[in-house]
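In: Here is my input, please return the structure:
(2 chains)
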Amino acid sequence: MLTSLEIKGAVAAVTTSALLLSGTFTAAGTYRAHRRAGSDARPPTASELVTGRGRSLFFRSCAHCHGQDADGGEDAPSLRKLQISGSHMTLVIRSGIKGEMPSFAKTYTEQDTAAIVAYLKTLN
Amino acid sequence: MIPWDKVHGGMTHFPIALLLFSATCDFAAVAFRKMPFARGLRTVSYYGLIGAALGSLGAVTSGLALANGVWWGRGDLLFHQRFVWPAFGLLIGLAVWRLVVRDAMSRTGRCLYLVLMALASGCVAAAGYFGGELLLKGG
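Out: Purely as a prediction, here's the structure:
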């Protein structure tokens, strides 16, 4: 048979465990609600929409060479912390680099290119 | 931003290892109960268990932060959590019980304790395994 000390211990054990679990779940739920509220509270700004579009274009056309995180691929350099200006980026994207990188002048409109450049600038 | 994936990866290993180690010591103490070092094994398992319980707080907190507060997720995450919560609950309960009872265990008490330790170890191992799967799939 269990001793009275052991029974006392078991009651304390079950109580602590139950309290800690329900406390954990409640805290997690609160944290989640808080995170949701933070991200949904305001609609994205115009510039966030543009960089978001640039980001998806980047994934479509550039990521396979420059890497998903733009941190460089096997043959293509990292595009993080680029030193060149926005207009230089536009020029590179539109005209390409002979033998290295294709031109995107026919693929993307000026607006699309601007969106990609806006996205690249967020990587600095 | 805190890299919760790395924090969680680092923090989970302590409680998992300590719990499995503590359970091993408990069973060894039973197997070698006639030997003089059985008492030492029980002491080691005691501190291992307390350490595991304390460590699990960090593991659970960092895991929940990593999962954005989702404690009952979907798919692989749910598989992980189905084992995590019983393991966490058992671990805390067992540690509290031992804090109260210390070495004054009856035969029945010790038997129950060992069964629950085995169960907790199984859950922790499964939780760790499915947690590793989550990591490999990058999800």
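
In: Residue B:24: what's it in contact with?
Out: Each residue near residue B:24 by CB atoms under 8 Å, 6 or more residues apart in numbering or on different chains is listed here: residue B:45. For every residue, glycine as well, the C-beta is placed using N, CA and C.

In: Residue B:90 versus that one, what's the distance?
Out: Relative to residue B:90, residue B:24 is positioned 16 Å away (criterion: CB to CB, to the nearest Å).

In: Following element in sequence after the strand or helix carrying residue B:94, please.
Out: Assignment of secondary structure by DSSP states H and E places residue B:94 within helix B:75-101. The C-terminal neighbour of helix B:75-101 among helices and strands, as given by DSSP H and E, is helix B:107-136.

In: Report the buried residues of that next one.
Out: In terms of neighbour count (16 or more other CB atoms under 10 Å in any protein chain shown), helix B:107-136 has its buried residues at B:109-110, B:112-114, B:116-117, B:120-121, B:123-124, B:126-128, B:130-131, B:134.

In: now that helix against helix B:75-101, angle please.
Out: 150 degrees (axes from the mean of the first three to the mean of the last three CA atoms, to 10 degrees).

In: Can you name every helix or strand that helix B:107-136 contacts?
Out: The contact analysis (3 or more CB pairs under 8 Å, 6 or more residues apart in numbering or on different chains; DSSP states H and E) places helix B:107-136 against helix B:4-31, helix B:75-101.

In: Which positions in the longest one come out as buried?
Out: The neighbour-count check on helix B:4-31 (16+ other CB under 10 Å) flags B:4, B:7-9, B:11-12, B:14-29 as buried.

In: for stretch A:24-35, same thing?
Out: By neighbour count, with 16+ other CB under 10 Å as the criterion, the buried positions of stretch A:24-35 are A:24, A:28, A:31-32.

In: that older thread, need the helices and strands packed on helix B:107-136 in a markdown table (columns: mean pLDDT).
Out: Below are the helices and strands packed on helix B:107-136 laid out as a markdown table (pLDDT from 0 to 100):
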| stretch | mean pLDDT |
| --- | --- |
| helix B:4-31 | 93 |
| helix B:75-101 | 94 |
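
In: Who are the contact partners of the residue lying farthest from the centre of chain A?
Out: Outermost residue of chain A with respect to the C-alpha centroid, by CA atoms, centre = their mean, is residue A:1; its distance is 57.6 Å. Residue A:1 sits next to B:106, B:108 when contact means CB under 8 Å, 6+ apart.

In: Give me every residue in chain B lying close to chain A.
Out: Taking CB under 8 Å from any CB of the partner chain, the part of chain B that reaches chain A is made up of B:60, B:64-65, B:68-71, B:85, B:88-90, B:92-94, B:96-101, B:104-106, B:108-109, B:112.

In: repeat that for 7 Å
Out: In this structure, chain B approaches chain A at residues B:60, B:64, B:68-71, B:85, B:88-89, B:92-94, B:96-97, B:100-101, B:104-106, B:108-109, judged by CB under 7 Å from any CB of the partner chain.

In: Select only the buried ones of those in ChimeraX?
Out: Selecting in ChimeraX just the buried members of the residues of chain B next to chain A, where the criterion is 16+ other CB under 10 Å, is done with this command:
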select /B:60,64,69,70,71,85,88,89,92,93,94,96,97,100,101,105,109
